[in-house]
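Peer 1: got a structure for you, letters missing:
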Ligand code: 5RP
């Protein structure tokens, strides 16, 4: 099975295992989580899932929900009341304790909001996302307000990170997030403590959020090249 097939297997498998009518859902972002949204959408359109209320973590996800008629709400709307039953999302790295790096698609702020507002949290990923230690290979994104770019970069370097401003593709200059901010992608050379860094980075003035997700441990649906879907708690 190729990587595209693995993404689809994880994204559809989680829906079949966990999603029920009447649920308040957080819907994640990326090329794996989109398969979950698509599957939910096809069930909603066919009338097999009813009473679904969803919060979308990015514009990509909003568009997919609109295509299928999945009802969307703000987290502040009375229909959600700031709480979700289940959040389904992808990840860039997953360590042996199910801690995550997320935000490759630049949606980390809404993704963290959804994850931390949800009673249960499921991550969908193919086996290439499994790592021993977070933050060494895939860059960890930090969302910063534009005015804080340089001071935050210097503070991150003091923590031992290499810092790169995320550049846009097919637009000159940096990526601007859906909240008007910049993304600093950071990478470490030596093993780090992701839980300590998640808290410490958010204390730097000008940081809006960072891509370490260590405070809740998701159930992880990992698809393998041999066609097996592993569920890791
Ligand atoms: C977006 C994310 C994605 O969930 C993460 O980047 C994984 O994406 P993909 O499934 O396309 O590899 O955090 O901000």
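Peer 2: In hand now; what should we look at? All values reported here derive from a predicted model rather than from experimental measurement. Residues are numbered from 1 along each chain as shown.
Peer 1: make it CA atoms for all contacts and neighbour counts henceforth
Peer 2: Noted.
Peer 1: Near the ligand, which residues of the chain are found?
Peer 2: Contacts of the chain with the ligand, taken as Cα under 6 Å from any ligand atom, map to 29-33, 89-92, 102-108.
Peer 1: Partner strands of the host helix or strand of residue 221, with direction?
Peer 2: Using DSSP states H and E, the element containing residue 221 is strand 219-223. Strand pairing for strand 219-223, using DSSP bridges, gives strand 118-126 (parallel), strand 229-232 (antiparallel).
Peer 1: filter the residues of the chain next to the ligand to the buried ones?
Peer 2: Taking 16 or more other Cα atoms under 10 Å as the criterion, what is buried in these is 29-33, 89-92, 102-108.
Peer 1: The residues you listed in helices, which ones?
Peer 2: With DSSP state H as the criterion, helices contain 33, 108 from among these.
Peer 1: what's the burial count for residue 18?
Peer 2: 12 (other Cα atoms under 10 Å).
Peer 1: Kindly report the same for residue 150.
Peer 2: Neighbourhood size, residue 150 [other Cα under 10 Å]: 12.
Peer 1: which phi and psi does it have?
Peer 2: phi -70, psi -50 (degrees, to the nearest 10).
Peer 1: what does the one 5 residues further on give?
Peer 2: Dihedral angles of residue 155 (phi, psi; degrees, to the nearest 10) stand at phi -60, psi -40.
Peer 1: my read: it touches residue 204, true?
Peer 2: Yes - at 7.4 Å, residue 155 counts as touching residue 204 under the criterion of Cα atoms under 8 Å.
Peer 1: right, and the helix or strand after the longest helix anywhere in the chain?
Peer 2: Counting by DSSP H, the longest helix found in the chain is helix 3-18. Using DSSP H and E, the helix or strand that follows helix 3-18 towards the C-terminus is strand 24-27.
Peer 1: what lines up beside that next one in the sheet?
Peer 2: Here strand 24-27 has these sheet partners by DSSP bridges: strand 53-56 (parallel), strand 84-89 (parallel).
Peer 1: Just the buried residues of the following helix or strand past the shortest one, please?
Peer 2: Sequence-wise, the next helix or strand beyond strand 53-56 is helix 59-68, with elements assigned using DSSP H and E. Across helix 59-68, burial judged by 16+ other Cα under 10 Å covers 60, 61, 62, 64, 65, 68.
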